[in-house]
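**Student:** sequence unknown, structure follows:
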Ligand code: PLP
């Protein structure tokens, strides 16, 4: 008899964004004239930087002629992109990461989801609460958890991130865990971690032979001096951390698709007999077996993000989103809400002091604005909604005016 992977049945039936889409569709059907403004899902709205578009056009032209045609590329990514990323994202900031430690992919989601394949079925996993659901669901699918009871999977450690710890958990909460997923600037809370906070995690991981999976998908939004852009700014992180990067929010690549993962040389996990096994060759093996590379065109586009014009254009777009966030945060604070995030992140995490789905419904019905209920990101997200800065200025101003007219 053909058996399914029963772990899939443990996954909560209603995926957050499916449920939101369902409620928005019902609202729109009942109010066909309503102009709904979507500040929910974290997709970008601004077009690609001109430097990126030009580079991708040139890459298409390469593909149009025999001389510069590119078929399958190196699974680890083209050297031109790995070298540009290693230099601009790390070496120019005084951080030790080399091009051959960078693995280009079609985005951070796949890498965050696939990395767990390198580890044993019995490793103990810790995630933040609230959390980007990919870290959790991929471990559920792999059978590392028990059933979901009351919104939490047994066998998984949840690190509560709330106002009491500034939305950054302390390593003492992860006692006995082998792997911890950290994401800063955080989705969904918009919080950032200081160098001292991340250093505590690195020291904990090295002392306990644990691993940090650091998701830096939003690092390009950091504007506050001194806030780390990479886990490798902490001393000792090369021996205990893998980092995920994405061009999605940095450069509007949510549709183009490109990202990369850093697996430092010498970073190890352990075999049953206690011997150290290097993870970089394992990830190379995994990628060469299961992945055939991001497209040449998107990699040429990503390379252009690092050109002087590309950097400036992408920075301006991010500044535009940050200004959206500033406008919304200022308005919400003036309305009496306590708001985390914005400033160094595209997300605002708004304390609604009550049921987050009720606040979501009140805002949808009263203001025709779509947000994301915090409870969808975990138990500790209850009482909050996430508002995204990814929208036009016009919509942001309109949303703010509408929000001023309701209570939620
Ligand atoms: N990591 C976090 C925290 C995210 O919020 C997202 C996308 O929203 C991703 C990773 C996925 O990024 P990508 O588009 O590169 O797959």
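**Tutor:** Received it, and whenever you're ready, just let me know what you need. Remember, it's a predicted structure, so these values are computed and weren't measured experimentally.
**Student:** Please list the residues of the protein that sit near the ligand.
**Tutor:** Of all the residues in the chain, those in contact range of the ligand (CB under 6 Å from any ligand atom) are 42, 107-109, 112, 132, 183, 187, 215, 217, 246, 248, 254, 259. In this view, the C-beta of every residue, glycine as well, is placed from N, C-alpha and C.
**Student:** The residues you listed into a markdown table, with extra columns for neighbour count and secondary structure?
**Tutor:** Putting those into a markdown table (neighbours: other CB atoms under 10 Å; DSSP: H, G, I helix; E, B strand; the rest coil) gives the following:
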| residue | neighbour count | secondary structure |
| --- | --- | --- |
| 42 | 21 | coil |
| 107 | 22 | coil |
| 108 | 25 | helix |
| 109 | 19 | helix |
| 112 | 23 | helix |
| 132 | 22 | coil |
| 183 | 25 | strand |
| 187 | 25 | coil |
| 215 | 26 | strand |
| 217 | 24 | coil |
| 246 | 26 | strand |
| 248 | 22 | helix |
| 254 | 16 | coil |
| 259 | 25 | strand |
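**Student:** which residues of the stretch 251-400 of the chain fall in strands?
**Tutor:** When assigned using DSSP state E, counting those that start in this stretch, the strands of the stretch 251-400 of the chain occupy the ranges 259-262, 268-270, 276-278, 338-341, 347-351, 369-370, 372-373, 384-388.
**Student:** Point out the other helices and strands that the fifth one packs with.
**Tutor:** Contact partners of strand 347-351 among helices and strands, from 3 or more CB pairs under 8 Å, 6 or more residues apart in numbering; DSSP states H and E: helix 308-334, strand 338-341, strand 384-388.
**Student:** tell me the most buried of the ones you listed?
**Tutor:** For these, average neighbour numbers computed from mean count of other CB atoms under 10 Å are highest in strand 384-388, which has a mean of 29.
**Student:** next one: that strand to chain centre, how far?
**Tutor:** In terms of CA atoms, centre = their mean, to the nearest Å, the centre of strand 384-388 is found 15 Å from the chain centre.
**Student:** partner strands of it, parallel or antiparallel?
**Tutor:** The strands that strand 384-388 pairs with in its sheet are strand 347-351 (antiparallel), strand 372-373 (antiparallel) (by DSSP bridges).
**Student:** Save those as CSV, and put in mean neighbour count and mean pLDDT too.
**Tutor:** Listed next are the strands paired with strand 384-388 as CSV, based on neighbours: other CB atoms under 10 Å; pLDDT from 0 to 100:
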stretch, mean neighbour count, mean pLDDT
strand 347-351, 26, 98
strand 372-373, 26, 96
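**Student:** Could you check which residue of the stretch 251-400 of the chain lies nearest the ligand?
**Tutor:** Of the residues in the stretch 251-400 of the chain, the one nearest the ligand is residue 259, at a distance of 4.1 Å by CB to the nearest ligand atom.
**Student:** The strands paired with strand 384-388: which one's closest to residue 4?
**Tutor:** Minimum separation from residue 4 across these (CB to CB) falls at strand 372-373, 30.3 Å.
**Student:** Can you list the neighbours in contact with that closest one?
**Tutor:** Counting contacts by CB atoms under 8 Å, 6 or more residues apart in numbering, the residues outside strand 372-373 that touch it are 16, 20, 40-41, 188, 356-357, 359-360, 381, 385-388.
**Student:** what about this structure, any weak spots by pLDDT?
**Tutor:** Counting by pLDDT under 70, the chain shows low-confidence ranges at 13-15.
**Student:** coming back round to it: just the buried residues from the contacts of strand 372-373, in PyMOL please.
**Tutor:** Of the contacts of strand 372-373, the buried ones can be selected in PyMOL as follows, counting by 16 or more other CB atoms under 10 Å:
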select buried, resi 16+20+40+188+356+357+359+360+381+385+386+387+388
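**Student:** before we move on, back to that, out of the helices and strands packed on strand 347-351, the one nearest residue 50 is which?
**Tutor:** With distances scored as CB to CB, the stretch of those nearest to residue 50 is helix 308-334 (6.2 Å).
**Student:** which helices and strands sit right next to that closest one?
**Tutor:** Secondary-structure packing of helix 308-334 (3+ CB pairs under 8 Å, 6+ apart): helix 50-63, helix 247-251, helix 296-305, strand 338-341, strand 347-351, helix 393-404.
**Student:** which residues sit against the first one?
**Tutor:** Counting by CB under 8 Å, 6+ apart, the neighbours of helix 50-63 from elsewhere in the structure are 47-48, 68-70, 251-252, 256, 296-298, 300-305, 307, 309-310, 313-314.
**Student:** can you check stretch 199-209 too?
**Tutor:** When contacts are taken as CB under 8 Å, 6+ apart, the neighbours of stretch 199-209 outside the stretch itself are 170-171, 174, 180, 182, 210-212, 231, 234-237, 239-241, 270.
**Student:** Please indicate which of those are buried?
**Tutor:** Among the contacts of stretch 199-209, those that count as buried by neighbour count (16+ other CB under 10 Å) are 171, 174, 180, 182, 210, 211, 212, 231, 234, 237, 240, 241.
**Student:** Please identify the helix or strand for the third one.
**Tutor:** Same thing as residue 180. strand 179-183 (DSSP states H and E).
**Student:** cool, residue 127 as well?
**Tutor:** Using DSSP H and E, the secondary-structure element containing residue 127 is strand 125-129.
**Student:** Name every strand pairing with that strand and say which way it goes.
**Tutor:** strand 156-160 (parallel), strand 179-183 (parallel).
**Student:** Kindly compare burial across these and name the winner.
**Tutor:** Sort the strands paired with strand 125-129 by mean neighbour count, taking mean count of other CB under 10 Å, and strand 179-183 sits at the top with a mean of 25.
**Student:** after that strand, next one along is what?
**Tutor:** Scanning forward in sequence from strand 179-183 by DSSP H and E, the next helix or strand is helix 195-208.
**Student:** Pull out the buried residues from that following helix.
**Tutor:** Of the residues in helix 195-208, those scored as buried under the neighbour-count criterion (16+ other CB under 10 Å) are 197, 198, 199, 200, 201, 202, 203, 204, 205, 206.
**Student:** residues touching the residue nearest to residue 36 when sequence neighbours are not counted, list them.
**Tutor:** Nearest-residue entry for residue 36: residue 368, 4.9 Å, with adjacent residues in sequence omitted and distances by CB to CB, 6 or more residues apart in numbering. With contacts defined as CB under 8 Å, 6+ apart, the neighbours of residue 368 are 27, 31, 34, 35, 36, 37, 402.
**Student:** Sounds good, over and out.
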